[in-house]
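Engineer: what follows is a predicted structure for the sequence shown.
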Amino acid sequence: MLILGWHGGIKPECQDLPPGWSTHDGAAVLLRDGEILAAVEEERLNRVKHSNFLPANAITRCLEQAAVRLSEVDVVAMNFLERTREIFPVDAGLPSVDAFLEDPTAASPTVRGALAELFERHFATDVSDRFHFCNHHVAHLWSAWGPSGFHEALAISIDGSGDALSGMIATAGPAGLDPIRELPVALSLGNLYSDSVRFLGYKRFDEYKVMGLAPYGDPRRFAKLFEQFYELLPEGAFRLTAREERWGLIDDARLVTEARRSGRPFTQVHCDFAAALQTTLETIVMHVVRHFAAETGQRHLCYAGGVAHNCTLNGRLLREDLFDEIFVQPAAHDAGGALGAALHAERTVGGGAARPAMPHLFLGSDLPGTTEISERLAAWDAFIECDRPRDPVPETARLLADGAVVGWVQGRSEFGPRALGHRSILADPRPAANKARINEMVKKRESYRPFAPSILEEYLDELAVVPRTKADMSFMTYTLVIREHYRPVLGAITHVDGSARIQSVSRSRDEQYWRLIETFRSLTGIPAILNTSFNNNAEPIVDSVDDAVTCFLTTGIDVMVVGDVLVRRRDDLDLATAVGRLRPRLPRSRKLVARVPDDDCEPYVFSVESTASQHFVQPRQAISADAYGLLVRADGRCRADELLTLDSMEDEKRHRRVLQELLALWERRAVVLKP
């Protein structure tokens with residue numbers, strides 16, 4: 001049986017999204033008889049972080065990877081219930097919905113009918129009789145239970161909200177899942193965390209940044225304040241104070257004036273607040289888990305939902321020694337719900353008992369062959385120089401040992417939020433200065449943010465304190481303690497509290513990446529390298545060769561390896577001038593806007609704006625009238641310097657100023673530039 005699982009919104013990225021649109025992290029997954037053939041997040045392809053547009057690109061890419069057509073798919077599974085109407089706002093743009101709004105006497109459009117119309121419109125295929133709807137949290141649970149390999153387990157989903165719940169607890173066994181408690185949205189730990197980070201100048205989807213800030217603080221400073229936010233009740237139950245009351249308590253504590261504005265420095269107040277928030281989350285989750293571990297007697301835990309991306313909490317779950325083994329779904333967020341819905345359909349529709357293993361996450365887009373890679377890189381010849389060593393591994397290991405920061409692009413891209421050695425930025429984990437260097441020059445993010453080490457599986461116990469509870473450490477989902485004598489040695493990856501978010505690397509799962517680290521070990525004596533995702537702060541992880549070149553050219557990465565090809569910048573490259581040779585266009589998720597001033601005497605205001613929610617990208621980039629004039633005509637066919645000539649912009653300084661502005665927009669991924 002061939003099953004397509006998907007999650008996401010219903011609008012294409014060229015259409016504006018309503019401000020309150022809640023769907024995010026669109027993705028698609030393709031299963032055949034329980035085997036995962038492909039899994040792709042939409043953001044990797046449309047280049048919009050946490051994309052909540054229709055995942056049409058991801059669906060198409062999954063079908064391409066498996067060399068099948070949508071007409072061959074037996075089931076189309078979604079991780080929401082059929083009654084869930086909030087994904088269809090009134091301006092959804094579907095004809096059946098439009099007709100109903102225009103004619104109140106018309107029959108109310110059904111979710112099933114609207115989805116059928118959506119697929120017909122985008123894929124020219126009738127799948128109306130193939131839909132399978134799965135409760136949001138059941139999908140989360142199946143995403144973890146399915147690939148865990150456990151015979152039976154306690155299964156827990158905790159996130160923001162979905163299908164009117166914020167979590168679900170179940171037992172899992174050969175017969176499937178048996179829910180034993182549902183958590184209403186009023187008890188949403190995901191919402192508690194995401195709402196509280198606003199005090200720190202962050203917004204939704206910045207929660208992981210706060211997890212990294214917390215070790216700099218003392219949770220005791222605000223312990224009494226946060227203890228008023230919740231109450232632990234018998235039998236694993238708890239109560240949360242309403243959002244308005246929580247902010248009232250923060251105001252009563254005279255902390256509102258201490259709140260950080262985005263972009264401003266952090267104070268110790270902010271660090272202590274982050275620490276108290278993290279401690280609060282851990283306290284509540286451990287209260288729930290301890291109770292149900294004891295009540296069910298289960299010695300295995302499966303865990304998913306957005307909160308399961310809190311690696312510090314996951315590390316504590318290991319150290320508590322409540323279970324023999326834990327499996328945290330590495331794509332624990334809503335994108336993983338596409339996998340869970342497909343697995344649920346495999347069981348309930350197909351009647352199959354297959355539960356796929358998940359030995360790796362290299363399930364996304366594949367790199368082309370070496371010849372095609374070379375041809376694609378050759379298009380950037382004015383910017384880069386390429387070399388093809390007999391084996392890129394020894395050369396790359398030597399570059400790392402000599403201090404280079406390397407972009408590393410290999411094979412199929414990863415599914416989920418972590419780069420695990422196929423779309424990674426790599427560096428020597430020893431110099432503490434590498435942390436600041438990569439944060440500032442490459443990632444362009446806050447200096448406190450930690451980086452993860454990729455460690456050879458054989459040396460994991462030597463470098464880190466590994467708890468007795470077993471877990472798959474290859475997905476970068478747990479924070480472990482670095483052994484004390486290694487902390488000063490591994491200065492770039494050891495966090496301020498002595499911890500690190502670990503990825504173990506085995507030869508059987510990823511031989512080339514294992515060889516790279518092993519070769520680095522032979523040169524330095526250190527069986528680990530620094531690994532972070534290949535992207536800057538304005539974009540998702542790179543997917544294609546062009547994505548990688550763009551990130552390479554607009555960050556401080558020293559060298560890039562794509563497949564077998566070693567890439568360097570040209571020594572004489574003046575990027576601000578060279579962008580004139582590239583062909584600009586707007587991404588499908590951006591639009592040009594010229595605002596009419598309130599006062600006729602004032603000049604027009606020009607900008608590049610996003611059609612996505614402001615939760616996902618910077619909503620507006622101000623631009624000059626000259627840049628607006630260039631971009632109005634930009635269609636991806638004419639070079640930027642040709643467009644400037646067409647605009648009669650003969651003044652050299654003015655010409656260069658517009659190219660510098662275009663470069664800045666490119667660095668923020670507000671425009672696309674390609675040869």
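Structural biologist: Thanks, I have the structure now. Numbering: from 1, shown residues only.
Engineer: tell me which element Arg654 falls in.
Structural biologist: Secondary structure assigned from DSSP states H and E places Arg654 in helix 652-667.
Engineer: strands paired with the helix or strand that that helix is followed by, and their directions?
Structural biologist: Under the assignment DSSP H and E, the closest C-terminal helix or strand after helix 652-667 is strand 672-674. Strand partners for strand 672-674, identified by DSSP bridges, are recorded as strand 583-585 (antiparallel).
Engineer: residues of the strand it pairs with that come out buried?
Structural biologist: Using 16 or more other CB atoms under 10 Å as the test for burial, strand 583-585 gives 583-585. The C-beta positions use only the backbone N, C-alpha and C, and glycine is treated the same way.
Engineer: returning to what we had before: which residues does the helix holding Arg654 contact?
Structural biologist: Counting by CB atoms under 8 Å, 6 or more residues apart in numbering, helix 652-667 makes contact with 536, 538, 550, 554, 575-577, 579-580, 584, 608, 621, 623-624, 626-627, 630, 640-641, 644, 649, 671-673, all of which sit outside it.
Engineer: check these for burial and list the buried ones.
Structural biologist: Neighbour counting by 16+ other CB under 10 Å classes 536, 538, 550, 554, 575, 579-580, 584, 608, 621, 623, 626-627, 630, 640-641, 644, 649, 671-673 among the contacts of helix 652-667 as buried.
Engineer: got the domain ranges for the chain?
Structural biologist: As assigned by automatic domain parsing, the chain contains the domains 2-78+82-133, 149-332, 363-569, 575-674.
Engineer: so Val596 is in contact with Phe606, correct?
Structural biologist: No. Using CB atoms under 8 Å, Val596 makes no contact with Phe606, being 11.3 Å away.
Engineer: the more surrounded of these two?
Structural biologist: Set side by side, Val596 and Phe606 show more neighbours around Phe606, with 20 against 8, by other CB atoms under 10 Å.
Engineer: if we can go back for a sec, what's the closest of the buried residues of strand 583-585 to Leu81?
Structural biologist: Relative to Leu81, the closest of these is Arg585; by CB to CB it sits at 39.3 Å.
Engineer: OK, contacts around the closest one?
Structural biologist: Neighbouring residues of Arg585 by CB under 8 Å, 6+ apart: 634-636, 671-672.
Engineer: which other residues reach the host helix or strand of Ala172?
Structural biologist: Assigned by DSSP H and E, Ala172 belongs to strand 165-173. Strand 165-173 is contacted by residues 135-138, 140-141, 145, 150-160, 177-191, 288, 292, 296, 298, 302, 305 when judged by CB under 8 Å, 6+ apart.
Engineer: partners of that strand, with directions?
Structural biologist: Next to strand 165-173 in the sheet, as set by DSSP bridges, lie strand 153-162 (antiparallel), strand 176-184 (antiparallel).
Engineer: ok now that strand, how far from the chain's centre?
Structural biologist: How far strand 165-173 lies from its chain's middle: 24 Å, per CA atoms, centre = their mean, to the nearest Å.
Engineer: moving C-terminal of the helix or strand of the chain with the lowest mean pLDDT, what's the next helix or strand?
Structural biologist: Sorting the helices and strands of the chain by mean pLDDT, DSSP states H and E puts helix 95-102 at the bottom, at a mean of 48. Later in the chain than helix 95-102, the nearest helix or strand by DSSP H and E is helix 111-123.
Engineer: what comes up buried for that next one?
Structural biologist: Neighbour-count burial for helix 111-123 flags 111, 114-119, 123 (criterion: 16+ other CB under 10 Å).
Engineer: ok, of these, which one's closest to Ala378?
Structural biologist: Nearest to Ala378 out of the buried residues of helix 111-123 is Phe123 (CB to CB; 33.7 Å).
Engineer: show me what contacts the closest residue to the closest one other than its chain neighbours?
Structural biologist: Closest residue in space to Phe123, ignoring its immediate chain neighbours: Leu70 at 5.1 Å, by CB to CB, 6 or more residues apart in numbering. Taking CB under 8 Å, 6+ apart as the criterion, Leu70 is in contact with 4, 59, 63, 119, 123, 125, 127.
Engineer: check which helix or strand covers the first one.
Structural biologist: Think Leu4. strand 2-7.
Engineer: tell me the secondary structure at the closest residue to Asp510 other than its chain neighbours.
Structural biologist: Computed as CB to CB, 6+ apart, the closest residue to Asp510 that is not its neighbour in sequence is Gly421, at 5.8 Å. When classified by DSSP: H, G, I helix; E, B strand; the rest coil, Gly421 comes out as coil.
Engineer: equivalent analysis for Arg468, please.
Structural biologist: Here Arg468 is coil, with the state taken from three-state DSSP.
Engineer: next, count neighbours for the spatially closest residue to it that is not a sequence neighbour.
Structural biologist: In space, Arg468 comes closest to Asp321 once its chain neighbours are excluded; the distance is 5.9 Å by CB to CB, 6+ apart. Residues lying near Asp321 (other CB under 10 Å) number 10.
Engineer: on that earlier part again, can I have the buried ones of the contacts of Leu70 as a PyMOL selection?
Structural biologist: To isolate the buried members of the contacts of Leu70 in PyMOL, using 16+ other CB under 10 Å:
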select buried, resi 4+59+63+119+123+125+127
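Engineer: name the nearest of the contacts of Leu70 relative to Met211.
Structural biologist: For the contacts of Leu70, the minimum distance to Met211 (CB to CB) is 31.7 Å, reached by Ile59.
Engineer: and the gap between the closest residue to Arg487 other than its chain neighbours and Met211?
Structural biologist: Computed as CB to CB, 6+ apart, the closest residue to Arg487 that is not its neighbour in sequence is Thr494, at 4.7 Å. Separation of Thr494 from Met211 (CB to CB, to the nearest Å): 16 Å.
Engineer: got it, and Phe451?
Structural biologist: Phe451 sits 14 Å away from Met211, going by CB to CB.
Engineer: now swap in Asp402 and tell me
Structural biologist: The gap separating Asp402 from Met211 is 32 Å, by CB to CB.
Engineer: could you do Glu458 as well?
Structural biologist: Separation of Glu458 from Met211 (CB to CB): 29 Å.
Engineer: kind regards, and thank you for your time.
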